[in-house]
Structures are given as structure tokens and as C-alpha cells.
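*Asks:* I need the structure of the sequence given here:
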Amino acid sequence: MPIYEYRCHDCRRRVSIFFRSVAAASAPQCPRCGGTNLERLFSRVVVRRGSARSGHEVADDAWDAGDDAGDVGESPFDLGDVPGLDDDADPREIARWTREMSASLGEPLDPELDQALADIERGADPEEVLDRVADADLDDPLDPEGD
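*Replies:* Residues are numbered from 1 along each chain as shown. So this is what the prediction gives:
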């Protein structure tokens, strides 16, 4: 059950599309605009490090937590401590760290996330910012129907 990333040449957005099978990926459609002029992108590869004892290994059946509707469930990855941040990190510090990670990975931030981080950096209440972003009905990259 692959998740492929595409760039839609109609709406000029990067989209992630979840397919139940590799065969279903033959005719992708943009979940944002419905366009079919998509270019497949190469996704970054996740490298697991550490031992099973460290909590960083992914169990073979970790993705089986999802239901039959195609929901992959919660992430099986135990991220543990985030380097450069302590447990009591200020939300502005987390926003700064998020921008640094985006830049170091070469992945641009979505405009919605960029605006949310800017608001948090200016001192806005993170809970209010998260509520606003959630209320914006942003597309779920794992939901090809956009529901």
C-alpha cells in the first residue's frame, strides 16, 4: 500500500496520494484540484537507526494498526527525544527548530504551516494557532478522497 508524492502541474502543489495497491497508482488524480497532469516525485528515504531496545525499530506489522478503510493508524515510529530541544521547550523554539529542519532537509514548508509558525514565533497562543489550522480543513495527505 504505497504513498506516492506528485507535483500537480494544474494547481502547482505537491500532493501525497495513498493507494491501496500498486496497480491503482496507474491513473493518479490530484486530491486538491482533480487534475490529472501529475509528475511523480521521488520521496526521501527514512533510515532506521539503533536497536530494537532503543525503541527506534519498526515492527513488521506496525502498519497493520489501520482499519480496512485504508487508514494506516498511528505512526509506529517512536521518535524519542528531539535533538536540540528539551522537554520544556518554548513554542517559539519549536517553531524555530521546525524551520531549521525544513531548511536542512531541503523541504519547503507549506504556506499554511509557514504562516502558523510565523504566528507562534510572534507569540500567538499555539493552541489557538493549531485550532485555526485544523479548522482550515487542510487536506490529509493519506486521504486521497479529501474527506
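
*Asks:* going forward, measure contacts between C-alpha atoms and count neighbours the same way
*Replies:* Noted.

*Asks:* where along this protein do the helices fall?
*Replies:* 91-105, 111-121, 126-135 (DSSP state H).

*Asks:* what's the last one packed up against?
*Replies:* When you say that, I think you mean helix 126-135. helix 111-121 (3 or more C-alpha pairs under 8 Å, 6 or more residues apart in numbering; DSSP states H and E).

*Asks:* next, the buried residues of the helix it packs on.
*Replies:* With burial defined by 16 or more other C-alpha atoms under 10 Å, the residues of helix 111-121 counted as buried are 113, 116-121.

*Asks:* now the helices of the chain as TSV including mean pLDDT?
*Replies:* Conversion of the helices of the chain to TSV gives the following (pLDDT from 0 to 100):
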stretch	mean pLDDT
helix 91-105	85
helix 111-121	89
helix 126-135	81
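
*Asks:* tabulate those in CSV, adding columns for distance to residue 11.
*Replies:* Listed next are these as CSV, based on distance: least, C-alpha to C-alpha, whole Å:
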stretch, distance to residue 11
helix 91-105, 22
helix 111-121, 14
helix 126-135, 21
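
*Asks:* and residue 30, which of these is closest to it?
*Replies:* Closest of those to residue 30 is helix 111-121, at 18.1 Å (criterion: C-alpha to C-alpha).

*Asks:* for the closest one, packing partners?
*Replies:* helix 91-105, helix 126-135.
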